[in-house]
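Enquirer: Here's my sequence, what's the structure:
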Amino acid sequence: MNPRTRRSHLRRMRMKQWSHPRILALFQDSRPNSEPRASGSEALQVALAIARMDFLRSHEKLLLSRDIGTAQELSRMGLPELEGIILRSLNRGVWNPAAFLEKARRDEDFLARAGILFLSLDDPCYPPQLRETYRPPFGLYVRGRLPDAEAPCVSLVGTRAATGRGLKAAFGLAEGLSSKGISVISGLALGIDSAAHRGGLRGRAKTLAVLPGGMDSIYPAANRGLAARILDEGGCLVAENPPETQIRRYRFPERNRIIAGLARSCVVVEAPEGSGALITAEHSLSEGRDVFVHRACLGGSRNSGCAALLEQGAVAVATAEDIIAEWASCGDRSGKASARRQEEEMKQHG
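Expert: Below is the predicted model of the structure:
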């Protein structure tokens, strides 16, 4: 087995080890059809109210939304009833449905003024690639135009303290991907993320930025101009958190899981040990997505994280053509393996 084949094999073995069971029942509405359901503005208010309940996990928000029919029903729900739905105890002080509904009405007004959509997990427009992940966000705040659901996306991530070589590599790869109709996803951070977004704007597929906070505050502030340009040129901003959300350190890894979940493959361009970009790579592996490292930055003084990924089985790429070739080779290998299994079965039965 040559080194490249061995790395690919190790990568896929890690993906299998990271696999998680899917709780498919969460995506099925078990509520009797005869019971009333909210619709239109009321349905949006209920969803926005649930989205603000940050003491609930994503799947718990989904369970609650499946059980709630109208805003009035939510306002009358007691804490014991909620605990019966999510099957765990909560601090009594966190439950104030009337306050959540009031904030939801303000959110609805803000979203309407700013031209922002809210997509809940069961919305047909919710990105299917993200819905397939182990812990998809209950809802997404979307400003701009999401990439075509049928077209592949690639996330480009890396350190904020990038070298000139890293910035050039991120820009060039993003431009190449976008020119081939492959949307580029990143986190709007300084350094590699910003270079990737700028490169993505040069092609026809545009770019998508995932924000760590709410839609009302672009972080970092230095990239407000870049965010505006992404929107002006047909790109998209996405956030999991409601307006007025304060930026906290733990929100960045949460943001990174969305970056990984939206993309078919992740490219770590340049990352030292401990970089947040490696968290995105971990999320990508846990979801069975490809993880690549950029060849141009290998051996650099600020790239020990990428060197570790390479040793663990990540494939080095430099161009959009390299990534497309890897996709094609994966398909060829799986097709040949399937053909071999069919041939063996025919021999056994025949």
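
Enquirer: so where do the strands sit in the chain?
Expert: Here the chain has its strands, by DSSP state E, at 117-120, 139-144, 153-157, 183-186, 207-211, 236-239, 265-268, 290-294, 315-317.

Enquirer: Turn these into CSV, columns for mean neighbour count and mean pLDDT.
Expert: Every residue, glycine included, has its C-beta placed from N, CA and C. Below are these laid out as CSV (neighbours: other Cβ atoms under 10 Å; pLDDT from 0 to 100):
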stretch, mean neighbour count, mean pLDDT
strand 117-120, 18, 96
strand 139-144, 23, 97
strand 153-157, 30, 98
strand 183-186, 29, 98
strand 207-211, 27, 98
strand 236-239, 22, 98
strand 265-268, 28, 97
strand 290-294, 26, 96
strand 315-317, 21, 96
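
Enquirer: Of those, which is nearest Arg165?
Expert: For those, the distance to Arg165 is smallest for strand 290-294, at 9.4 Å, taking Cβ to Cβ.

Enquirer: could I get the closest one in CSV with only the CA atoms?
Expert: What follows is strand 290-294, C-alpha atoms only, in CSV (Å, rounded to 0.1, in the frame of the first residue of the first chain):
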residue,chain,number,x,y,z
ASP,A,290,-13.1,14.6,3.9
VAL,A,291,-10.4,16.6,5.6
PHE,A,292,-7.5,18.0,3.5
VAL,A,293,-4.5,20.2,4.3
HIS,A,294,-3.1,22.8,1.9
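
Enquirer: To what extent is Ala151 buried, counted in neighbours?
Expert: For Ala151, the neighbour count with other Cβ atoms under 10 Å is 11.

Enquirer: Which phi and psi values does it adopt?
Expert: phi -100, psi 140 (degrees, to the nearest 10).

Enquirer: quick one: Leu56 and Asn303, what's the gap?
Expert: 39 Å (Cβ to Cβ, to the nearest Å).

Enquirer: Would you mind telling me which of these two has more residues around it?
Expert: Taking other Cβ under 10 Å, Leu56 and Asn303 do not tie; Asn303 has more neighbours (29 against 21).

Enquirer: Can you give me every residue that contacts that one?
Expert: Residues near Asn303 by Cβ atoms under 8 Å, 6 or more residues apart in numbering: Gly166, Glu270, Ala271, Pro272, Cys297.

Enquirer: Take those residues and write them to CSV, including neighbour count.
Expert: As requested, the contacts of Asn303 are arranged in CSV below (neighbours: other Cβ atoms under 10 Å):
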residue, neighbour count
Gly166, 25
Glu270, 30
Ala271, 31
Pro272, 18
Cys297, 27
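
Enquirer: of the residues you listed, the lowest pLDDT goes to which?
Expert: Lowest pLDDT within the contacts of Asn303 is found at Cys297 (91).

Enquirer: From what I see, it and Ala169 are in contact.
Expert: Yes - using Cβ atoms under 8 Å, Cys297 is in contact with Ala169, at 5.8 Å.

Enquirer: what stretches of this protein score poorly on pLDDT?
Expert: Applying pLDDT under 70 to the chain flags the ranges 1-39, 331-350.

Enquirer: Skipping adjacent residues, who's closest to the residue most central in space within it in space?
Expert: Nearest to the geometric centre of the chain sits Ile258, at 2.1 Å (Cα atoms, centre = their mean). Ranked by Cβ to Cβ, 6 or more residues apart in numbering and with sequence neighbours excluded, the top spatial neighbour of Ile258 is Val210, at 5.0 Å.

Enquirer: Please name the bridge partners of the one you found.
Expert: Beta-bridge partners of Val210, counted by DSSP bridges, are Val238.

Enquirer: residue contacts, it?
Expert: Contacts here follow Cβ under 8 Å, 6+ apart; on that basis Val210 touches Ile185, Ser186, Gly187, Leu188, Val238, Ala239, Arg255, Ile258, Ile259, Leu262.

Enquirer: Recalculate using a threshold of 10 Å.
Expert: 140, 155, 185-188, 193, 236-240, 254-262 (Cβ atoms under 10 Å, 6 or more residues apart in numbering).

Enquirer: any idea how far Ser65 lies from Ala99?
Expert: On the measure of Cβ to Cβ, Ser65 and Ala99 end up 18 Å apart.

Enquirer: no wait, Ala239
Expert: From Ala239 to Ala99 the distance is 21 Å (Cβ to Cβ).

Enquirer: got it, and Gly172?
Expert: Distance, Gly172 to Ala99, by Cβ to Cβ: 49 Å.

Enquirer: ok, the two, which is more surrounded?
Expert: Higher neighbour count among Gly172 and Ala99: Gly172, with 18 against 11, using other Cβ under 10 Å.

Enquirer: Apart from its chain neighbours, what residue comes closest to the more buried one?
Expert: Gly172 sits nearest to Gly199 (Cβ to Cβ, 6+ apart), 6.5 Å away.

Enquirer: What count of nearby residues applies to that neighbour?
Expert: Residues near Gly199, counting by other Cβ under 10 Å: 26.

Enquirer: Quick check, it in contact with Glu175.
Expert: Yes - assessed by Cβ atoms under 10 Å, Gly199 is found in contact with Glu175 at 4.1 Å.

Enquirer: how does the protein divide into domains?
Expert: Per the record, the chain has its domains at 25-114, 143-329, by automatic domain parsing.

Enquirer: Of the ones you listed, flag the one that's most buried.
Expert: Most buried of the domains of the chain, by mean neighbour count (mean count of other Cβ atoms under 10 Å): domain 143-329, with a mean of 21.
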